[in-house]
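Q: Sequence and predicted model, in that order:
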Amino acid sequence: MKIRDIVLIGLLSAATTAGKAALSIIPNVEIVTLFFIVFASTIGLKRSLFIAIVFVTTEILIYGFSTWVIGYYFIWPLLVLIASLLSRKTSSEYGYAVLAGLFGLCFGLFFAITESFFYGPAYGFAYWINGLTFDFIHGASNFIIVLLLFKPMEKILDMQASRLQLL
Amino acid sequence: MSKKIITIITVLLVFGLLYVSYEAYIAPKAVEGSKEVTIQIVVEKENIDKTFTFRTDHEFLTDLLKEKQEQLGASFDSTQYGTMITGMMNYKADPAANEFFLFQINGDDAMAGTDDTPIQDGDTYKFILTKW
């Protein structure tokens, strides 16, 4: 890995953390999903996975260690992986928007599964059902954000990546 | 109207519909008191034998007694051993006459005070004016 890559990973993971913090006042509306999808489709899988891992580690440093950490270490790299696979099939923002919408809709379910390993299936099920309203908001907002912002952001990142000879 | 706007409106409608269905059929409904208990008060010398049924979510009996204090005519004393029931149905036990309220749970004398009595669905709590 080149020094240029290390700097890029640091900068983009910091941008992701900042983006999340900026929207944290609106429950379950975030641009982290958009960022990871754009990263995966422009700067490559390996760099994007590193960004996801650095981002999650930074989250732990900010919010502390808990059971959600395990889920975070799986779910964001998983999104990057799926987005990277999808980028080989399509470049349409509609495909990415569907991925982002489904990801938001299933976010609570994924954490319910990880929580049920600690507290039992009954707790996991109650956790999921109670949080479904937030999953609906997450899914709908993810879909809209990615549909509207994927192309402009991809264009900017592509341009900068070419200018800095990252690709 | 552009394709994106139509898509966004459609998605909002779909998620709105999901939300409405969730609220109507799946979302946990708040119920007023998940446990039903009976409280019986007996003050023979005053011809009092009253039974009350309450639904509650309180964990311990003292909390329920305090919530229904007016209806039960209850009075309490806070001691170093916990809350003591000094009166029921507006009748105050007279310590000078060796009176106290015997507390029973489902017909058996309680082994702990009301502070340490967890409320369980279907329980009957009885307070009987007694002499020692």
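A: Thanks, I have the structure now.

Q: only C-alpha atoms for contact and neighbour calcs from this point on.
A: Noted.

Q: residue boundaries of the strands in chain B?
A: Across chain B, reading from the start of the chain, the strands by DSSP state E fall at B:35-43, B:48-56, B:75-79, B:82-88, B:91-92, B:99-105, B:108-109, B:124-131.

Q: got the angle between the fourth one and strand B:35-43?
A: By that I understand strand B:82-88. Put simply, strand B:82-88 runs at 60 degrees to strand B:35-43, going by axes from the mean of the first three to the mean of the last three CA atoms, to 10 degrees.

Q: Now do the contacts for the most centrally placed residue in chain A.
A: Ranked by distance to the mean C-alpha position of chain A (CA atoms, centre = their mean), the top residue is A:T33 at 3.4 Å. Residues near A:T33 by CA atoms under 8 Å, 6 or more residues apart in numbering or on different chains: A:L79, A:A100, A:N142.

Q: Next: A:V38.
A: With contact taken as CA under 8 Å, 6+ apart, A:V38 is in contact with A:F150, A:M153, A:E154.

Q: following the helix or strand hosting it, which helix or strand comes up?
A: Secondary-structure assignment from DSSP states H and E places A:V38 in helix A:32-42. Helices and strands here follow DSSP H and E; after helix A:32-42, the next one along the chain is helix A:45-63.

Q: burial measure for B:I41, as a count.
A: Other residues lying near B:I41 total 21 when counted by other CA atoms under 10 Å in any protein chain shown.

Q: Local confidence estimate at the spatially closest residue to it that is not a sequence neighbour?
A: Nearest residue to B:I41, sequence neighbours excluded (CA to CA, 6 or more residues apart in numbering or on different chains): B:F127, at 4.8 Å. Among the per-residue scores, B:F127 holds a pLDDT of 95.

Q: Any residues of chain A in contact with chain B? List them.
A: Taking CA under 8 Å from any CA of the partner chain as the criterion, chain A approaches chain B at residues A:I129, A:N130, A:L132, A:T133, A:F136, A:I137, A:A140, A:I144, A:L147, A:L148.

Q: Of all the helix elements in chain B, which one is longest?
A: Once chain B is assigned using DSSP state H, the helix that runs over the most residues is helix B:3-21.

Q: What is the nearest of the contacts of A:T33 to B:T10?
A: Minimum distance to B:T10 across these is 14.3 Å, recorded for A:N142 (CA to CA).

Q: Inside helices: which ones of the contacts of A:T33?
A: The subset of those located in helices under the criterion DSSP H comprises A:L79, A:A100, A:N142.

Q: B:F76 and chain A, how far apart?
A: To chain A, B:F76 is 38 Å away according to CA to the nearest CA, to the nearest Å.

Q: Beta-bridge partners for B:T83, please?
A: Each beta-bridge partner of B:T83 is listed here: B:S78, as defined by DSSP bridges.

Q: Could you report the distance from it to B:A110?
A: Taking CA to CA, to the nearest Å as the measure, B:T83 and B:A110 are separated by 14 Å.

Q: What are the buried residues along the helix-or-strand element of chain A with minimal mean pLDDT?
A: The helix or strand of chain A with the lowest confidence, counting by mean pLDDT, DSSP states H and E, is helix A:121-130 at a mean of 86. Neighbour-count burial for helix A:121-130, with 16 or more other CA atoms under 10 Å in any protein chain shown as criterion, is recorded at A:Y123, A:G124, A:Y127, A:W128, A:I129.

Q: Among those, which pair sits farthest apart?
A: A:Y123 and A:I129 (10.0 Å).

Q: where does chain B have low pLDDT?
A: Applying pLDDT under 70 to chain B flags the ranges B:1, B:28-32.
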